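Engineer: Got a sequence here, can you build the structure:
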Amino acid sequence: MNRTRIRTRARLATAAAVTALLALTTTACSESDVDKAKDRAASATAKAGEAVSSATEAAASKMAEVKDGVDAKADVKVDGPTKSEDSRTTAKITATNATDKKADYTVSVNFRDKDGNLLDTAVLNITDVEAAQSKSGTARSNRSLDGTPKAEIGKALRH
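Structural biologist: Purely as a prediction, here's the structure:
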């Protein structure tokens, strides 16, 4: 995961928290209300950043477990829009094996908001894809995501 993107996400979350705080201060009745709003905004910003960072680290760790993997990002695609299922965002991922023998695919899937900010990362294994065939699996976000995030392939390995 690109550290610049993580910083951008954190800055956007901070800006949103500051905007919310400023809106509250214009209508707040007391200093106590403002302090409570500050605490809630800071907590929300920290949790959002931690969740994305944790998911990114977990995905990178799972991808690193793959031994002798070959870059196969061109063989894998997101098939259709994302859906909400059990309060989690899901995306159908299809791997097409262009080789002459059976292969497994390990795929990291990034979920982004409409502005391109990273919301979550999940890892999907698609196993036993026959030679010259395609097989699909469902990537599922690690947590509930707001809005209608877009799924994209972060990295794909054939092994």
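
Engineer: Could I get the average pLDDT for the longest strand along the chain?
Structural biologist: Longest strand in the chain, counting residues (DSSP state E): strand 118-129. For strand 118-129, mean pLDDT is 97.

Engineer: CA-only coordinates of that strand in PDB, if you can.
Structural biologist: What follows is strand 118-129, C-alpha atoms only, in PDB (Å, rounded to 0.1, in the frame of the first residue of the first chain):
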ATOM      1  CA  LEU A 118      -8.900   3.400   0.100                       C
ATOM      2  CA  LEU A 119     -11.500   2.100   2.500                       C
ATOM      3  CA  ASP A 120     -10.500  -1.500   2.900                       C
ATOM      4  CA  THR A 121      -8.500  -4.300   1.400                       C
ATOM      5  CA  ALA A 122      -9.400  -8.000   1.200                       C
ATOM      6  CA  VAL A 123      -7.600 -11.100   0.000                       C
ATOM      7  CA  LEU A 124      -9.300 -13.800  -2.000                       C
ATOM      8  CA  ASN A 125      -8.000 -17.200  -3.100                       C
ATOM      9  CA  ILE A 126      -9.400 -18.700  -6.200                       C
ATOM     10  CA  THR A 127      -8.200 -22.300  -6.400                       C
ATOM     11  CA  ASP A 128      -8.000 -25.100  -9.000                       C
ATOM     12  CA  VAL A 129      -8.500 -22.900 -12.100                       C
END
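
Engineer: In its sheet, which strands sit next to the next helix or strand along the chain from that strand, and in what direction?
Structural biologist: The helix or strand immediately downstream of strand 118-129 is strand 134-140, counting by DSSP states H and E. The strands that strand 134-140 pairs with in its sheet are strand 88-96 (antiparallel) (by DSSP bridges).
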